[in-house]
Structures are given as structure tokens and as C-alpha cells.
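When you get a sec, could you give me coordinates for this:
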Amino acid sequence: MDLRTTYMGLELSSPIVVSACSLSENLENILHMEDAGAGAVVLFSMFEEQIRREDAWMGDDPAGSGPDQREASGYFPEANEYHISSGAYLNLIRQAKARVDIPIIGSLNGVSHEGWIDYARQMEQAGADGIEMNIYFIPANVGISAQEVERRYLDIVRIVRKSVTIPVAVKLSPYFSAMGTMAADLRDAGADALVLFNRFYQPDIDIDRLQLLSDLRYSTSNEIRLPLLWIAILHGRVPVSLAGTSGVQTADEVVKYLLAGADVAMTASALYQYGIDHLDQMNKDLAHWMERHQFSTIEAFKGMMSQKNIADPTAYERANYIKILEGQK
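Next comes the predicted model:
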């Protein structure tokens, strides 16, 4: 079976992509990912706070020159709390590009305009095939309007798009009130791909110690449904590459994302749980499914179950919700 696909203009040998995670901090792991059949690797995220902290220490951060900014920088994590320096990150891109044939996509995690422009350029110069923008912004200020939140996303995409020539993807949260319009606006701002969805930090509470619990849990396959819904709605309506990145544990979830209209499915939790070689099994299972259903290429079935292509498009809307509730009687 031909597993090739195209994601934000990049030719991939498989639609299974390693999403941003700490596994890619190690060059040997990246080589292993290619050998196991990854179509591409999104490197772990470089954080704006880390870049600003390092620049402030070197006296190169104009945004951190005033007293207010210096005081605010005290809230940033110390440089030694990060696993790898920004310089080492760029060097990892260079090393990976010299050793593998699959696309290497850099990941930037930030929230302000200043945190993106220069480092996006440096990633491109280091050889990254693309950039995934992880705009991790939780509008905890209750005075911020929805329009302000959307404008922040769009402004950041515009300035990065003007700064680099390589493809740019935006990793989105699922909390926009008009996801379709936002997706179209991001495309108009210069995004080549949308990654659905970001798993925002969600704290828990220890009721005995009366403390917040800060832990990250692996995603599970039942988390696929919300991104699956929006990928199915956006496919064929917004001219942008789509990636599903929640709940990909097996080839089953990969197939579902592709049927809904995604170009790729991204996985990380499954690799922590089952090892990097799990990529090989996922590719084999995907190929077996295609053979059983007589699909020789990914394009032959991609988007087949999107809202635009199914016989009853209301299956993705309110009418089906009512049918589900009625069926519980």
C-alpha cells in the first residue's frame, strides 16, 4: 500500500507523525523514529520564556531592559530547568537534517509577538522544514474579549509568516466560539496547516493536602472525538492542511482522522507507553486496513467521511445530537 501523503506542502512517506514531545530531544531517538516509519517529526517545543531568559542573561533582550520587564522575568523558569538550551535546539535541527530524510519540524511555544520572529528565522536557517506554532495562551484575565484573543493569534501568525519562507502550522485550542471562521482567518493570515487540538494544562486538586496537582497524563483514544468533529467539518471548506493530534494510540485512530479529512495524524503518548517501534506496527496496521478495504493510496479515502462528502451532513450537527439522546430512552 502507498502510505504517502502531503502535509503543509511537505511530501511524507507516512501520515503518522511524531508530535512535539521530549522523546525528540535525543538525536538517536529521531533516527529511531525514521527507521520505525514516522512520516515526519515535530521536535519538542522551545519556550518563549526560555529564549527571553537566556537573552536577558546575555543582555540581548530589548523587551527585558526596563525595570518592569526585569521584575517580570523573575517569574520565568530558571535556564537550568529546561532540558536543552536554545542553541542546542538549533544544533539538534542541524544534526537531524544531516542524518534523516524525513521532514523535521521545529516547535515554538509562546504567547507574545517578540517571542516568535527572530527564533522562527533561526529555526529556518538551521534547516527546519517547517514550524509548528504552539500559541499557548489561556485568557485567565476575565476582562479580555474573544476578539482580543483571536487578534493575538492572527497577529502572531502574520508576523511569523512574514519572517520565514518555510511552511507554518498553528496548533489550536478547541475553545474558539466560531472555529470555522477562525480557521479561515488563520489561513488568510498565512497558516499552511492547522493542528487540532492542543491539550492545555488542566490542573487537578489534592483535597487532602489542599494543593494543586501539576501532572500530565497520556492521552487516550476517546479524546479523538472533538478534533475528529472539527476536522470533518473543515475538510474541503478551508484550504489548509489538517492534522489530528489527540488520542492517536493505534492505526484505528489514524484511519478515523484520515477518513474525516486530516492529512496526518500525530502521536506521542502511544510512543511513551509502547515505545518508538510502535510506529512500525501502526504503519503495518494502516496498510492492512487499506488492503482489506481495497484502497491503494491515502488519497483514495482521505476525507471520505468528512461532512462535505457524507450523504447526511447533519450527522455532525445538532440533529444527530438529538437522535443520540432520543436513543437513550
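
where does this protein dip in pLDDT?
The model of the chain has pLDDT under 70 over residues 48-84, 111-115, 200-201, 214-216, 318-329.

show me where it has helices.
Assigned by DSSP state H, the helices in the chain fall at 27-36, 48-58, 67-72, 86-99, 117-126, 146-163, 179-189, 225-234, 251-260, 269-274, 278-292, 318-326.

I'd like these laid out as CSV, including mean neighbour count and distance to residue 135.
Where C-beta positions appear, they are placed from N, C-alpha and C, glycine not excepted. Listed next are these as CSV, based on neighbours: other Cβ atoms under 10 Å; distance: least, Cβ to Cβ, whole Å:
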stretch, mean neighbour count, distance to residue 135
helix 27-36, 18, 25
helix 48-58, 19, 10
helix 67-72, 11, 19
helix 86-99, 16, 18
helix 117-126, 18, 13
helix 146-163, 16, 6
helix 179-189, 18, 10
helix 225-234, 21, 17
helix 251-260, 23, 22
helix 269-274, 18, 21
helix 278-292, 17, 27
helix 318-326, 10, 29
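
Out of those, which is closest to residue 307?
Distances from residue 307 to each of the helices of the chain were compared by Cβ to Cβ, and the smallest falls on helix 225-234, at 5.1 Å.

Show me what that closest one is packed against.
Contact here means 3 or more Cβ pairs under 8 Å, 6 or more residues apart in numbering; DSSP states H and E; on that basis helix 225-234 packs against helix 179-189, strand 193-196, strand 241-244, helix 251-260.

sorry, back to before: which one of the helices of the chain lies closest to residue 245?
Proximity to residue 245 (Cβ to Cβ) singles out helix 225-234 among these, at 7.1 Å.

Would you pull up how far that closest one lies from the middle of the chain?
15 Å (Cα atoms, centre = their mean, to the nearest Å).

Restrict that helix to CA atoms and write it as PDB.
C-alpha atoms of helix 225-234 as PDB (Å, rounded to 0.1, in the frame of the first residue of the first chain):
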ATOM      1  CA  ARG A 225     -13.900  12.800  19.000                       C
ATOM      2  CA  LEU A 226     -13.700  16.600  19.400                       C
ATOM      3  CA  PRO A 227     -10.800  17.100  16.900                       C
ATOM      4  CA  LEU A 228     -12.400  14.500  14.600                       C
ATOM      5  CA  LEU A 229     -15.600  16.600  14.500                       C
ATOM      6  CA  TRP A 230     -13.800  19.800  13.500                       C
ATOM      7  CA  ILE A 231     -11.500  18.100  11.000                       C
ATOM      8  CA  ALA A 232     -14.600  16.600   9.300                       C
ATOM      9  CA  ILE A 233     -16.300  20.000   9.200                       C
ATOM     10  CA  LEU A 234     -13.200  21.900   8.000                       C
END
